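Asks: got a predicted structure here, sequence first:
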Amino acid sequence: MRDSDVPVKTNEGRDEIEHRTRKLPPMLRSILLIVDGERSARHLRELAVSLHGPADALEQLEGMGLIASSAAVAASLAAQAPLRAAAASAPADAGASPSAQRYRALYSLMSEAVRDHLGLRGYFLQLKIERCSNSDELAAVLPELSAALAKVRKDEVAAQIEAQFAAGA
């Protein structure tokens with residue numbers, strides 16, 4: 001993977017985060033958790049080194065099919081464009097229950113807040129968010145997220161997230 005590539009989790013990678021079926025070594029799992037589709041491979045390698053991870057962690061995860069270069073994903077999606085065009089007329093969450101839709105919205109909201117405002121300081125909080133399987137469990141983590149945001153003087157962000165949470169996102 002080139003330094004300029006932006007790795008993203010594959011479906012298998014997201015499944016591994018949720019179910020831990022592969023029993024990854026803790027360091028590889030930690031690095032998988034910080035792959036967010038926004039940081040370059042170079043930046044992730046620097047973070048891996050700061051976490052005392054293996055130098056080839058991204059290559060290991062890519063070899064296992066848990067992450068892929070966003071360029072490779074884009075090429076794959078372009079090849080599937082005719083199939084997606086037919087499915088585009090239906091909303092993405094049309095078949096999902098309202099509680100599943102709420103969970104996805106809240107999970108995204110909380111994860112983005114950690115990524116955008118806490119960075120690496122929010123690593124353990126992100127782990128807690130990843131372990132949540134429903135919106136009630138996310139609600140239990142919300143006070144901790146608000147406190148962490150307040151520590152970095154992001155009170156307005158915390159208030160906005162709490163308001164969206166209360167409104168059902």
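Replies: It's in.
Asks: buried sites along the helix or strand that contains S99?
Replies: Here S99 sits within helix 98-113, counting by DSSP states H and E. For helix 98-113, the neighbour count (16 or more other Cβ atoms under 10 Å) marks Q101, R102, Y103, A105, L106, Y107, L109, M110, S111, A113 as buried. (Glycine included, C-beta is placed from N, CA and C.)
Asks: which member of those residues is positioned nearest L127?
Replies: Of all the buried residues of helix 98-113, S111 has the smallest distance to L127: 11.2 Å, by Cβ to Cβ.
Asks: surely the closest one and K128 touch.
Replies: No. Using Cβ atoms under 8 Å, S111 makes no contact with K128, being 11.0 Å away.
Asks: grab the most central residue of the protein for me.
Replies: Taking Cα atoms, centre = their mean, the centroid of the chain lies closest to D36, which sits 5.1 Å from it.
Asks: touching, that one and D116? I think so.
Replies: No. Assessed by Cβ under 8 Å, D36 is found out of contact with D116, at 10.3 Å.
Asks: which stretches of this protein form strands?
Replies: 7-9, 67-69 (DSSP state E).
Asks: tell me which other helices or strands the last one touches.
Replies: This points to strand 67-69. Secondary-structure packing of strand 67-69 (3 or more Cβ pairs under 8 Å, 6 or more residues apart in numbering; DSSP states H and E): strand 7-9, helix 57-63.
Asks: for S30, grab the count of nearby residues.
Replies: 18 (other Cβ atoms under 10 Å).
Asks: contact partners for it?
Replies: L51, G53, Y123 (Cβ atoms under 8 Å, 6 or more residues apart in numbering).
Asks: ChimeraX command for the buried members of those?
Replies: The command below creates a ChimeraX selection of those among the contacts of S30 that count as buried (16+ other Cβ under 10 Å):
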select :53
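Asks: of the contacts of S30, which belong to helices?
Replies: Among these, DSSP state H puts Y123 in helices.
Asks: one step back: which of the buried residues of helix 98-113 lies closest to A166?
Replies: Among the buried residues of helix 98-113, L106 lies closest to A166 (Cβ to Cβ), at 10.9 Å.
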